[in-house]
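Undergrad: for reference, the sequence and a predicted model appear below.
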2 protein chains.
Amino acid sequence: MAGIKSKKVDFFFNPNSIAVVGASPVPGKLSNVIMESLERSGFAGDIYPVNPNHGEVRGRRCYPSIRSIGVCVDVAVFSVPAPVTLPLLKEAGGSLRGAIIVSGGFSETGDGGKELEEKLRQEALSSGIRVIGPNCMGIYDTVSRVDTLFIPQERVRRPKKGRIAMLSQSGSLALTAMDEFYSLGIGISRVVSYGNRMDVNEADCLDFLADDEQTDVIFLYIESIEDGRRFVESASRASKKKTLMAWKVGKQKAGMEAARSHTGAIAGRYEVYRAAFKKAGIIEVSGYEEFLDACKAVSVFPRARGNRVMIITDGGGVGVSIADECAFAGLDAAPLPREKKEALKTIFPPYFTVSNPLDLTGSATDEWFKEALLRTMEGDFYDIAIVAALWGPPKLTDRLAELLSSVAKSLKKPVIICSTGGEYAKAKKPLFENAGLPVFLTPESAVRAACALAERKDWKYGGR
Amino acid sequence: MAGIKSKKVDFFFNPNSIAVVGASPVPGKLSNVIMESLERSGFAGDIYPVNPNHGEVRGRRCYPSIRSIGVCVDVAVFSVPAPVTLPLLKEAGGSLRGAIIVSGGFSETGDGGKELEEKLRQEALSSGIRVIGPNCMGIYDTVSRVDTLFIPQERVRRPKKGRIAMLSQSGSLALTAMDEFYSLGIGISRVVSYGNRMDVNEADCLDFLADDEQTDVIFLYIESIEDGRRFVESASRASKKKTLMAWKVGKQKAGMEAARSHTGAIAGRYEVYRAAFKKAGIIEVSGYEEFLDACKAVSVFPRARGNRVMIITDGGGVGVSIADECAFAGLDAAPLPREKKEALKTIFPPYFTVSNPLDLTGSATDEWFKEALLRTMEGDFYDIAIVAALWGPPKLTDRLAELLSSVAKSLKKPVIICSTGGEYAKAKKPLFENAGLPVFLTPESAVRAACALAERKDWKYGGR
């Protein structure tokens, strides 16, 4: 009988050996791509192709079955037609700890598939094999270097190593997010796409990630939760040690009605999810843009100590629109305290309106931006700075990024760069990013980033 | 005395001659850049440099004064220090129809500047010279080929000719918007940055644009309105012939308090502006992202006849999140009517869930997308389609864009392409754009575009 220990899913994130069941030597076949992904990600453990029809696959000896490998395999990725999965899993009993079943054709296809999945679940339970999937992408892990994705790296780029973990019911969302993360330079620790979730679910993964030293932030993409109580327990535990963020889709009536309800699931009304997130200490993001901006922000900056935002700009219109967005989002673009006003008036020309937003005008220089950031943010008046430097003022130079970056480091507070505009502004983006300051391209985007970092009672943006 | 006719500002948009007052032969000087902008934009009328200190500027004979040119000049751009403006304007009386005063140093700098501006206003009134500015960028006009911007084209790209006009109090916003429009491929008819608005205001420009055959859409960026009644009258007249959109900034309390109130202005509460917009038939956008997405949408698509949206995708997660955004924005992602369901079931595999959103799954083909779009959108069930094709499905090819474009043309309804993801997806973007279908990069962005096109009672996105 399986003890507490064996119920854990840790081994999925640190396997010594991986078998690919249904391995094929034909390039482009899913199982062949999976082996390629494992090889290219630099997985250092053993890789065993399994297929009775082949003696060798991709230069490796191919085994007729998992049992015939002769060792207890940690993880087997199943890429075979749905009906064949059950007998192959049965056969592996005693020789396998965990299975990732990427194949579709189960409960997502209707009653017949549902029956098949239930049989598979019973078999897994009796043999003690833990199962991720079916109908999933499996794992992308920059720590263990496991990559079970059946989409080639040319098609979906893999993000670099970082400290955000992602749990996703949807495989396509997981892929899209990874692809965007690569483009945005956001790092990942581990990604799990668990699809139909017949065994391993978000709570199992949260239990592991809560103690994972490689992860600071856990992001959940949720369509439904099956075991609400367990989810809240696991999430509450994890959120004491990590930053948890969730995006719940299917909020609107039509979507909810379309979603199937599972026994024991927190089904139905979105409000129930919101309450559960709040109880479990999860920060909710309301959509795709908040998701990306929040991940970009938390991957670089520490959490802020409050929600007070200082806005520094050289374009009046942009400054005011950032202030508008802050107000809408429940952030506090608080007026400058008198002592700071007095101090700033000694630095800048007399015709300056010294306020929040602080508009350095078309006469702005690199030094003005630096001084404005330092003087307003030092002390305990503001928690987050948003700096929107338009490149119109002729005295601005490329040194600006380095100067702002060094002030940001000394302040130990988030400094969010907002850069609107076309080609010229976009060409300057790498200056900031190379200096460790991610760039947000619209006022809304900068404020979404600030929201993800701010400590506050109500999250207005999220879960609108 | 000036008659009704001479009160019109039409001549600013079709001048035969332009003088640049304060012309300098020194490259980089504002007045030199302005002449360069006029030359490079291809202005076909006469350009007269004016400066008593030079005999020639940029290869043109330079005149000591406007009067000395010897003809009645249509427009003079003043790029001289604020205190010199008044005597120079006085001197030009009788030889000049309109002035664009780009110089700063007037009411925006405090009491002294305010006094100077009032004197200038009195002088303009008595001499009959209409004035745009001061403290503004002036005009960029793709019809008359007037470009008075003192920022070189390398720094801020000029958008192509199109049918959107833009009126902006903020010069920096006008520049940023033009730069973004260039990048996004959005065309412009005329842009006016009117700054301190001492004479010519948004109502004057609206009166001209209402009858402008080169303009279909008028976009207003508004910080404040000075003459509320006249604005509503002019806007109401214009909105009968054109699509009017406005973005009001300074919505939050802090911003409103900071804004100076002018006599006769609709000052104070944002709700008053909202009511005025509604009365005048103006569509409100709430921020920068809505502004850009709305302009991108209306620059290509006609207005839709209603707010019913059909969502077609090959990625379940993206489809559901678009449906969420539609619900939030007050668009109707209505369920498929039974007759359409029956028809679609004969085309697609039996395991398909035929619904709205319609998920074509990882087995999607170009033809499936085409058929799905055609069959769902024909007849009078949906007004707008949002098509979110993820590039994961291996059977999708580059032909997809052309196929969707030809269906869109036959339907005569907006077909909004939503393309999430990283490098691979972004590399496919030009396929759609070259086929006349603009691409929106997030579910939110696609829905903002749909909102700008939809005919509906309440604009929920705008003016949150």
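TA: In hand now; what should we look at?
Undergrad: for A:Glu378, see how far away the residue of the stretch 1-150 of chain A found nearest chain B is.
TA: Nearest residue of the stretch 1-150 of chain A to chain B, counting by CB to the nearest CB: A:Thr109, 4.4 Å away. Glycine gets a C-beta too; all of them are placed from N, C-alpha and C. In this view, A:Thr109 and A:Glu378 are 60 Å apart by CB to CB, to the nearest Å.
Undergrad: please save the CA atoms from the helix or strand hosting A:Ala449 in PDB.
TA: Under the criterion of DSSP states H and E, A:Ala449 resides in helix A:443-453. The C-alpha trace of helix A:443-453 is given here as PDB (Å, rounded to 0.1, in the frame of the first residue of the first chain):
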ATOM      1  CA  PRO A 443      -0.100  53.700 -19.100                       C
ATOM      2  CA  GLU A 444      -2.600  50.900 -18.500                       C
ATOM      3  CA  SER A 445       0.200  48.300 -18.800                       C
ATOM      4  CA  ALA A 446       2.400  50.200 -16.300                       C
ATOM      5  CA  VAL A 447      -0.400  50.400 -13.800                       C
ATOM      6  CA  ARG A 448      -1.200  46.700 -14.200                       C
ATOM      7  CA  ALA A 449       2.400  46.000 -13.300                       C
ATOM      8  CA  ALA A 450       2.200  48.300 -10.300                       C
ATOM      9  CA  CYS A 451      -1.000  46.600  -9.200                       C
ATOM     10  CA  ALA A 452       0.700  43.200  -9.200                       C
ATOM     11  CA  LEU A 453       3.400  44.600  -6.900                       C
END
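Undergrad: who has more neighbours, A:Thr109 and A:Glu378?
TA: Legend: neighbour count by other CB atoms under 10 Å in any protein chain shown for A:Thr109 and A:Glu378, higher for A:Thr109 (19 against 15).
Undergrad: now A:Ser65, nearest residue through space, not along the chain?
TA: With sequence-adjacent residues excluded and distances taken as CB to CB, 6 or more residues apart in numbering or on different chains, A:Ser65 is closest to A:Glu91, at 5.8 Å.
Undergrad: A:Phe219: what's it in contact with?
TA: A:164-167, A:245-247, A:291, A:295 (CB atoms under 8 Å, 6 or more residues apart in numbering or on different chains).
Undergrad: what sits opposite it in the beta ladder?
TA: A:Met166, A:Met245 (DSSP bridges).
Undergrad: wait, the residue of the stretch 1-150 of chain A closest to chain B sits on B:Tyr351?
TA: Yes - using CB atoms under 8 Å, A:Thr109 makes contact with B:Tyr351 at a distance of 4.4 Å.
Undergrad: can you list the buried residues in stretch A:90-110?
TA: For stretch A:90-110, a neighbour-count test (16 or more other CB atoms under 10 Å in any protein chain shown) marks A:91-92, A:95-109 as buried.
Undergrad: on that earlier part again, give me every residue that touches the residue of the stretch 1-150 of chain A closest to chain B.
TA: B:Tyr351.
Undergrad: tell me how far it lies from B:Leu396.
TA: 21 Å.
Undergrad: after the longest helix along chain A, which helix or strand is next?
TA: Criterion DSSP state H: the longest helix present in chain A is helix A:111-127. Stepping forward along the backbone from helix A:111-127, the first helix or strand reached (DSSP H and E) is strand A:130-132.
Undergrad: and for the helix or strand that comes right after that following strand, what's in contact with it?
TA: Using DSSP H and E, the helix or strand that follows strand A:130-132 in sequence is strand A:138-141. Strand A:138-141 is contacted from outside by A:12-13, A:41, A:77, A:100, A:102, A:132, A:146-149, A:158, A:174, A:178, A:188-193, using CB under 8 Å, 6+ apart.
Undergrad: mind checking which of the residues you listed land in helices?
TA: Judged by DSSP H, the subset of those located in helices is A:41, A:174, A:178.
Undergrad: which one of these is nearest to A:Lys7?
TA: A:Ala174 (24.5 Å; CB to CB).
Undergrad: A:Ser168 is in contact with the closest one, correct?
TA: Yes - in this structure A:Ala174 lies within contact range of A:Ser168 using CB under 8 Å: 4.1 Å.
Undergrad: which residues do the two both contact?
TA: A:191, A:193, A:221.
Undergrad: the residues you listed: which ones sit near chain B?
TA: A:Tyr221 (CB under 8 Å from any CB of the partner chain).
Undergrad: can you tell me which of the shared contacts of A:Ala174 and A:Ser168 has the most neighbours?
TA: A:Ser193 (29 neighbours).
Undergrad: what pLDDT does A:Arg230 get?
TA: On the pLDDT scale, A:Arg230 is placed at 95.
Undergrad: for chain B, see how far away it is.
TA: 23 Å (CB to the nearest CB, to the nearest Å).
Undergrad: can you check A:Glu180 too?
TA: From A:Glu180 to chain B the distance is 5 Å (CB to the nearest CB).
Undergrad: one more: A:Ala329?
TA: 10 Å.
Undergrad: swap in A:Val300?
TA: Counting by CB to the nearest CB, the gap from A:Val300 to chain B is 19 Å.
Undergrad: in three-state terms, label that residue for me.
TA: coil (DSSP: H, G, I helix; E, B strand; the rest coil).
Undergrad: wait, what's in contact with the residue lying closest to it once chain neighbours are set aside?
TA: Nearest non-adjacent residue to A:Val300, counting by CB to CB, 6+ apart: A:Pro438, 5.4 Å away. By CB under 8 Å, 6+ apart, the contact list for A:Pro438 reads A:184-185, A:296-297, A:300, A:416-417, A:432, A:449.
Undergrad: separation between the residue in chain A sticking out farthest from the centre and A:Leu344?
TA: Distance from the C-alpha centroid of chain A, by CA atoms, centre = their mean, peaks at A:Pro350 (46.8 Å). Counting by CB to CB, the gap from A:Pro350 to A:Leu344 is 12 Å.
Undergrad: hmm, back to that, which element, helix or strand, includes the residue nearest to A:Ser65?
TA: helix A:82-92.
Undergrad: need the pLDDT of A:Lys426.
TA: On the pLDDT scale, A:Lys426 gets 89.
Undergrad: tell me the contacts of it?
TA: A:Lys426 neighbours (CB under 8 Å, 6+ apart): A:419, B:183.
Undergrad: which SSE is it in?
TA: Element membership for A:Lys426 (DSSP H and E) is helix A:423-434.
Undergrad: mind checking how far that helix is from the chain centre?
TA: Distance of helix A:423-434 from its chain centroid, counting by CA atoms, centre = their mean, to the nearest Å, is 24 Å.
Undergrad: cool, stretch A:131-148 as well?
TA: Distance, centroid of stretch A:131-148 to centroid of chain: 15 Å (CA atoms, centre = their mean).
Undergrad: start to end distance for that stretch?
TA: One end of stretch A:131-148 to the other measures 14 Å (CA to CA, to the nearest Å).
Undergrad: now that stretch: buried residues?
TA: A:131-144, A:146-148.
Undergrad: re the thing from before, the helix holding A:Glu91 - contacts with which helices or strands?
TA: strand A:73-78, strand A:96-101, helix A:111-127 (3 or more CB pairs under 8 Å, 6 or more residues apart in numbering or on different chains; DSSP states H and E).
Undergrad: and whatever residue of the stretch 351-464 of chain A ends up closest to chain B, what's its pLDDT?
TA: Nearest residue of the stretch 351-464 of chain A to chain B (CB to the nearest CB) works out as A:Gly422 at 3.4 Å. At A:Gly422, the model reports a pLDDT of 85.
Undergrad: and the residue lying closest to it once chain neighbours are set aside, how many neighbours?
TA: Spatial nearest neighbour of A:Gly422, excluding adjacent residues (CB to CB, 6+ apart): B:Asp179 at 3.4 Å. The number of residues packed near B:Asp179 is 26, by other CB under 10 Å.
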